[in-house]
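Peer 1: here you go, sequence then predicted model.
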Amino acid sequence: MIKKRLKTPLAYEQLFEQKGVLSMDQKLKLWFTEHQTEDYGITFRVNHVYESEQTEFQRLEMVETDEFGTMLLLDGMVMTTDKDEFVYHEMVAHVPLFTHPNPKHVLVVGGGDGGVIREIMKHPSVEKAVLVDIDGKVIEYSKKYLPNIAGELDNPRVEVIVGDGFMHIAKSENEYDVIMVDSTEPVGPAANLFTKGFYAGISKALKEDGIFVAQTDNPWFTPELIQTVQRDVKEIFPITKLYTANVPTYPSGMWTFTIGSKKYDPEQVSAERFHDIETKYYTPKLHNAAFVLPKFVEDLTK
């Protein structure tokens with residue numbers, strides 16, 4: 001991998017003009033801060049910028065950090081990093097795939113970095129996985145700079161579509177066993193992926209015993225989002241649950257996922273259903289433990 005020359009402070013200020021804030025310390029080290037609120041943010045030292053581009057849909061940066069390695073930023077928000085990506089990707093993929101007894105056809109909406117696809121490919125029952133991401137640049141740069149994450153996008157069992165996931169769902173009916181929504185926060189191109197109409201479309205696109213999962217942000221700074229998603233999904237799916245994982249580079253470090261199922265309870269998975277896969281975070285015991293919520297988080301599901 002050839003690293004680009006470090007950009008000037010002025011270029012960095014322009015680069016992170018959206019949600020991020022750049023500062024320079026007394027040792028002339030560059031620091032990038034993603035603000036969750038006006039009073040709270042997470043900060044990383046940036047050494048190199050591989051790509052900085054305003055795509056058709058969002059601001060995209062691929063940068064190198066000291067602590068977390070290569071990092072993908074969209075509109076100034078951390079999407080994934082070399083160091084901790086496995087937590088999020090494993091928990092999006094394996095919870096629904098082990099809940100469903102025989103998942104063959106899987107859809108990923110978003111997820112252009114390829115991490116969720118990589119985890120899906122660990123399940124031999126999956127005959128085909130379709131990934132639909134609206135921004136082809138995310139796919140392109142992830143393949144180039146995050147090969148450990150994006151390496152399975154070229155798997156023959158995978159179909160990659162650059163397009164609108166909302167419209168793909170709207171055109172699908174009784175097609176998928178599992179649908180995973182790996183989106184950004186509900187702004188910009190991802191706003192439609194947090195609506196009741198979208199969840200109704202997912203239900204139609206799923207088979208009669210289908211399951212879907214979506215990331216639903218964190219309970220410390222976006223509790224209203226979790227409450228809204230839980231309410232909307234419960235009106236469509238008879239089994240709706242919330243589970244969590246610890247992702248260091250996401251705001252607060254505590255991340256939630258909403259799972260909706262037509263038939264199978266993710267908390268009632270028989271031990272025989274689990275098969276050996278190589279993971280760094282997910283385990284059968286953690287599968288069950290992830291649904292044990294702190295009281296203040298559990299209250300958001302009521």
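Peer 2: Arrived safely. In this text the structure is predicted, and so the values were computed from the model without any measurement.

Peer 1: tell me the SS of Met62?
Peer 2: strand (DSSP: H, G, I helix; E, B strand; the rest coil).

Peer 1: pretty sure it contacts Val138?
Peer 2: No - counting by Cβ atoms under 8 Å, Met62 stays clear of Val138, with 9.6 Å between them. (C-beta placed from N, C-alpha, C; glycine too.)

Peer 1: who has more neighbours, those two?
Peer 2: The neighbour comparison of Met62 against Val138 (other Cβ atoms under 10 Å) goes to Val138, with 26 against 22.

Peer 1: re the thing from before, shared neighbours of Met62 and Val138, anything?
Peer 2: Residues within reach of Met62 and of Val138 at once, by Cβ atoms under 8 Å, 6 or more residues apart in numbering, are Leu72.

Peer 1: flag every buried residue along stretch 134-151.
Peer 2: 134-143, 145-146, 149-151 (16 or more other Cβ atoms under 10 Å).

Peer 1: how about the strands in the chain?
Peer 2: 20-24, 30-37, 40-54, 59-65, 69-74, 77-81, 105-110, 128-133, 158-162, 176-182, 206-215, 239-246, 254-261 (DSSP state E).

Peer 1: turn these into JSON lines, including distance to Arg231.
Peer 2: Below are the strands of the chain laid out as JSON lines (distance: least, Cβ to Cβ, whole Å):
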{"stretch": "strand 20-24", "distance to Arg231": "32"}
{"stretch": "strand 30-37", "distance to Arg231": "23"}
{"stretch": "strand 40-54", "distance to Arg231": "26"}
{"stretch": "strand 59-65", "distance to Arg231": "32"}
{"stretch": "strand 69-74", "distance to Arg231": "27"}
{"stretch": "strand 77-81", "distance to Arg231": "25"}
{"stretch": "strand 105-110", "distance to Arg231": "21"}
{"stretch": "strand 128-133", "distance to Arg231": "26"}
{"stretch": "strand 158-162", "distance to Arg231": "30"}
{"stretch": "strand 176-182", "distance to Arg231": "17"}
{"stretch": "strand 206-215", "distance to Arg231": "14"}
{"stretch": "strand 239-246", "distance to Arg231": "9"}
{"stretch": "strand 254-261", "distance to Arg231": "10"}
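
Peer 1: need those strands in TSV with distance to Ser270 and mean pLDDT, can you?
Peer 2: Listed next are those as TSV, based on distance: least, Cβ to Cβ, whole Å; pLDDT from 0 to 100:
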stretch	distance to Ser270	mean pLDDT
strand 20-24	45	54
strand 30-37	39	86
strand 40-54	39	92
strand 59-65	42	95
strand 69-74	37	97
strand 77-81	32	96
strand 105-110	21	98
strand 128-133	24	98
strand 158-162	28	99
strand 176-182	18	98
strand 206-215	16	98
strand 239-246	16	99
strand 254-261	15	98
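
Peer 1: can you tell me which of these is nearest to Tyr281?
Peer 2: strand 239-246 (7.1 Å; Cβ to Cβ).

Peer 1: quick one: list the elements packing against the closest one.
Peer 2: helix 85-99, helix 223-234, strand 254-261 (3 or more Cβ pairs under 8 Å, 6 or more residues apart in numbering; DSSP states H and E).

Peer 1: the inter-axis angle of the longest one versus strand 239-246?
Peer 2: To tie it back to what came earlier, the one meant is helix 85-99. 150 degrees (axes from the mean of the first three to the mean of the last three Cα atoms, to 10 degrees).

Peer 1: what mean pLDDT does helix 85-99 have?
Peer 2: For helix 85-99, the mean per-residue pLDDT is 99.

Peer 1: and it, how far out from the chain middle?
Peer 2: Distance of helix 85-99 from the chain centroid (Cα atoms, centre = their mean, to the nearest Å) equals 10 Å.

Peer 1: can you give me the angle that helix makes with strand 206-215?
Peer 2: With the same axes, to 10 degrees defining the directions, helix 85-99 sits at 160 degrees from strand 206-215.

Peer 1: give me the domain ranges for this structure.
Peer 2: 9-78, 85-301 (automatic domain parsing).

Peer 1: let me know which of those is tucked in deepest.
Peer 2: Of all the domains of the chain, domain 85-301 has the most neighbours on average by mean count of other Cβ atoms under 10 Å, namely a mean of 19.

Peer 1: with that, I have no additional questions.
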